[in-house]
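Enquirer: Generate a structure from the sequence data that follows.
(one chain, ligands or ions: 1)
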Amino acid sequence: MNTWTPADRLIAPSLLAADFARVGEETKRAVASGADWMHLDVMDGHFVPNISFGPSTIDAVNQTDDVFLDVHLMISRPDVYLDDYIKAGADMITVHVEADHDVNETLDRIHAAGLKAGVVINPATPLSAAEPYFDKIDMLLVMTVVPGFGGQSFMPETMPKVTEAAKIRDQRGLNFHIQVDGGIDAKTAPIAIEAGANVLVAGSSTFRAPDMAAAISQLKAI
Ligand SMILES: O=C(CO)[C@@H](O)[C@H](O)COP(=O)(O)O
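Expert: The predicted structure is shown next:
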């Protein structure tokens, strides 16, 4: 992250679309295919209506490769479980502004542990809910689907938030990445990039592509 800037296009395959019986091999396959980061979706069955995996899976991914681990906490109490994800080897942790915690305090704790920190907004959440944190975040994640499941359709109506966030960031001389997540593929990525996103989370379109390396290089080349 220290060397990456918002001018860099970064592809973060979402482990959610991988074969969970082969997490290590799937991580290696993504890295060998050109993944810049691994995106790890933690779901608690409460904040979102699905359960994915927790710190032990992230630890397993961390033991497999030194790829940058981008951990997206879709959990109701990120403050309660934060230390477990820090210990598991996360390099960045993103937390929802809609979750039940003091967002400023959580971001400060992530930074104090030496990690990068970001905030996430759901499709129905206005950008104004994330704006108070712009001075301290390393990344803003604008969800392009309602979180909970992979394989959903991209919501283009979320794009004005990306455009506005990029405008505010540039006007204020800030330096955070803008990530999009959900339904990102070769058709929708150009829309998100045009709006101002530079980090693309892609699950189905990478892990389930016939040729993962070709799918990732296509997303990078847009
Ligand atoms: O966080 C989520 C879903 O809640 C995403 O990270 C999905 O895992 C992306 O999957 P695709 O839409 O790319 O299949």
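Enquirer: what's the span of stretch 46-64, first residue to last?
Expert: 29 Å (Cα to Cα, to the nearest Å).
Enquirer: Show residues contacting that stretch.
Expert: 15-16, 20, 23-24, 27-28, 38, 40-45, 69, 71, 74-76, 81, 84-85, 87-90, 96, 98-99, 147-149 (Cβ atoms under 8 Å, 6 or more residues apart in numbering). For glycine as for every other residue, the C-beta is placed from the backbone atoms N, C-alpha and C.
Enquirer: Mark which of those are buried, thanks.
Expert: Neighbour counting by 16 or more other Cβ atoms under 10 Å classes 15-16, 23, 27, 38, 40-44, 69, 71, 74-76, 81, 85, 88-90, 96, 98-99, 147-149 among the contacts of stretch 46-64 as buried.
Enquirer: Inside helices: which ones of those?
Expert: Among those, the members found in helices (DSSP state H) are 23, 27, 81, 85.
Enquirer: May I ask which two of those are separated the most?
Expert: Based on Cβ to Cβ, the longest span within those runs between 27 and 81 and measures 22.0 Å.
Enquirer: just the contacts of stretch 46-64 that are near the ligand?
Expert: Filtering the contacts of stretch 46-64 for proximity to the ligand by Cβ under 6 Å from any ligand atom leaves 16, 41, 147, 148, 149.
Enquirer: Now do the helices for the protein: every range, in order, please.
Expert: Secondary structure of the chain (DSSP H): helices at 23-32, 55-64, 78-87, 103-112, 159-172, 189-195, 204-207, 212-221.
Enquirer: What residues of the last one count as buried?
Expert: By 16+ other Cβ under 10 Å, the buried positions in helix 212-221 come out as 212, 215, 216, 218, 219.
Enquirer: Please name the residues that touch the third one.
Expert: Under the criterion of Cβ under 8 Å, 6+ apart, the neighbours of residue 216 are 11, 13, 33, 34, 35, 202, 206.
Enquirer: Closest one to the ligand out of these, please.
Expert: residue 202 (4.9 Å; Cβ to the nearest ligand atom).
Enquirer: What's opposite that closest one in the beta bridge?
Expert: residue 13 (DSSP bridges).
Enquirer: For it, the count of nearby residues, please.
Expert: Neighbourhood size, residue 202 [other Cβ atoms under 10 Å]: 29.
Enquirer: Kindly report the same for residue 164.
Expert: By other Cβ under 10 Å, 17 other residues sit near residue 164.
Enquirer: didn't it look like it was pressed against residue 126?
Expert: No. Using Cβ atoms under 8 Å, residue 164 is not in contact with residue 126, being 9.7 Å away.
Enquirer: returning to what we had before: can you list the ones next to the ligand among the contacts of stretch 46-64 in TSV and add pLDDT?
Expert: As requested, these are exported to TSV (pLDDT from 0 to 100):
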residue	pLDDT
16	98
41	98
147	98
148	97
149	97
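Enquirer: Which of the residues you listed fall within strands?
Expert: If you go by DSSP state E, these have residue 41 in strands.
Enquirer: any chance of the ones next to the ligand among the contacts of stretch 46-64 in a markdown table, plus distance to residue 196?
Expert: A markdown table is the format used below for those (distance: Cβ to Cβ, whole Å):
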| residue | distance to residue 196 |
| --- | --- |
| 16 | 25 |
| 41 | 23 |
| 147 | 21 |
| 148 | 25 |
| 149 | 26 |
